[in-house]
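S.K.: here you go, sequence then predicted model.
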Amino acid sequence: MTTTPGDPGQQPPVGPYDPAAPPPPPPPGYPAPPGQQAPPAYGRPGQPAFGQPPFGQPQSGQPVYGQPAFGGQQYGEPGALYNPAYGAGPIHPFGSPADFGERALSWLWDLLYLWPAWLLYVVGLTVVITGSASIDESVGASNDGPAVVIVIGAVLLFIGFVVQITMYIRNYVLDQGRTGYTYGRRKVGIRCVDQNTGQSPGGGSCFGRWLLHGFINQFFYIDYLWVAFDANKQSLTDKALHTVVVRQPAPAAVAPDPVVTRL
């Protein structure tokens, strides 16, 4: 049986071997010979190989940009007190720490808050000094007027002391324990919070804070000055009671915390 060119059963003629002809490309999945590029393993050109993630997606086990590595601590988690970011100052999960200037300004506002006590002190001291001068001028005379004046001045001084203690307790213990703000801190926009929960420290903690703060400051006001040099912007009292003062402006109406009696 003879076949003609173009017959479906006819095989193409095989020419003589040409050593200069390039070798055929290897099958997919096999390495290419030197000087040739291997075709893609699977699918169309540009698609990733089998088992490889698409372009732009991280491989298995690699963290996404901005996410902590496995086992790392994420910003804002309890226990991560301060997390320096790109060379900036310390950052607290509940707000950036108040610096020495802000805390000093709030302390001045708290002193101004006690103006009724200061007024009573000034008036009482003036009355005592006036009565003492009158006694010196009336030596030998039977005049009880200067003594009465001195007693009145002493009573005014005592009342001033009572007013000062009362306002201290209200400002530093009750109000700060309930809201985290004193009068001065509310003016400046800073708040005292528990460093682990971010809640107001409570009345018991603030009472201990008031006593400890006063005791430490007997030594050259070291508790005030410690904030200026501490990396976490905490005073010694803050460190002892696990509190921190952060920038957190007070709302128009400060509502009490759900738990305010941690005594």
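M.R.: Received it, and whenever you're ready, just let me know what you need. Numbers count the residues shown, from 1 in each chain.
S.K.: hey, where'd the helices end up in the stretch 101-250 of the chain?
M.R.: Secondary structure of the stretch 101-250 of the chain (DSSP state H, counting those that start in this stretch): helices at 115-137, 145-168, 176-179, 183-188, 203-216, 222-229, 236-241.
S.K.: which other helices and strands contact the second one?
M.R.: Where contact means 3 or more C-beta pairs under 8 Å, 6 or more residues apart in numbering; DSSP states H and E, helix 145-168 is packed against helix 115-137. The C-beta positions use only the backbone N, C-alpha and C, and glycine is treated the same way.
S.K.: quick one: closest of the helices of the stretch 101-250 of the chain to residue 194.
M.R.: helix 203-216 (7.8 Å; C-beta to C-beta).
S.K.: between that closest one and helix 145-168, how big is the angle?
M.R.: 130 degrees (axes from the mean of the first three to the mean of the last three C-alpha atoms, to 10 degrees).
S.K.: show me which residues of helix 203-216 are buried.
M.R.: Using 16 or more other C-beta atoms under 10 Å as the test for burial, helix 203-216 gives 203, 205-210, 212-213, 216.
S.K.: may I see the buried residues of stretch 129-137?
M.R.: Buried, per 16+ other C-beta under 10 Å, within stretch 129-137: 131, 134.
S.K.: with just CA atoms, put that stretch into CSV.
M.R.: Only the C-alpha atoms of stretch 129-137 are listed here, as CSV (Å, rounded to 0.1, in the frame of the first residue of the first chain):
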residue,chain,number,x,y,z
ILE,A,129,1.1,88.8,115.5
THR,A,130,-1.1,91.8,116.2
GLY,A,131,-2.1,90.4,119.6
SER,A,132,1.5,89.7,120.6
ALA,A,133,2.5,93.2,119.7
SER,A,134,-0.3,94.6,121.8
ILE,A,135,0.9,92.6,124.8
ASP,A,136,4.4,94.1,124.5
GLU,A,137,3.0,97.6,124.4
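S.K.: give the rounded mean pLDDT of that stretch.
M.R.: Here stretch 129-137 scores 80 as its mean pLDDT.
S.K.: run through who's touching that stretch.
M.R.: With C-beta atoms under 8 Å, 6 or more residues apart in numbering as the test, stretch 129-137 has contacts from 145-150, 152-153.
S.K.: just checking, residue 187 touches residue 106?
M.R.: Yes - using C-beta atoms under 8 Å, residue 187 is in contact with residue 106, at 6.8 Å.
S.K.: what about those two, which has more around it?
M.R.: residue 106 (23 against 17; other C-beta atoms under 10 Å).
S.K.: how close does that one sit to residue 174?
M.R.: Separation of residue 106 from residue 174 (C-beta to C-beta, to the nearest Å): 17 Å.
S.K.: one more: residue 111?
M.R.: 18 Å.
S.K.: now residue 122
M.R.: From residue 122 to residue 174 the distance is 26 Å (C-beta to C-beta).
S.K.: what does residue 202 give?
M.R.: From residue 202 to residue 174 the distance is 11 Å (C-beta to C-beta).
S.K.: and those two? which has more neighbours close in?
M.R.: residue 202 (21 against 14).
S.K.: check the more buried one and give its pLDDT.
M.R.: At residue 202, pLDDT is 94.
S.K.: got the contact list for residue 213?
M.R.: Counting by C-beta under 8 Å, 6+ apart, residue 213 has contacts 223, 235, 237.
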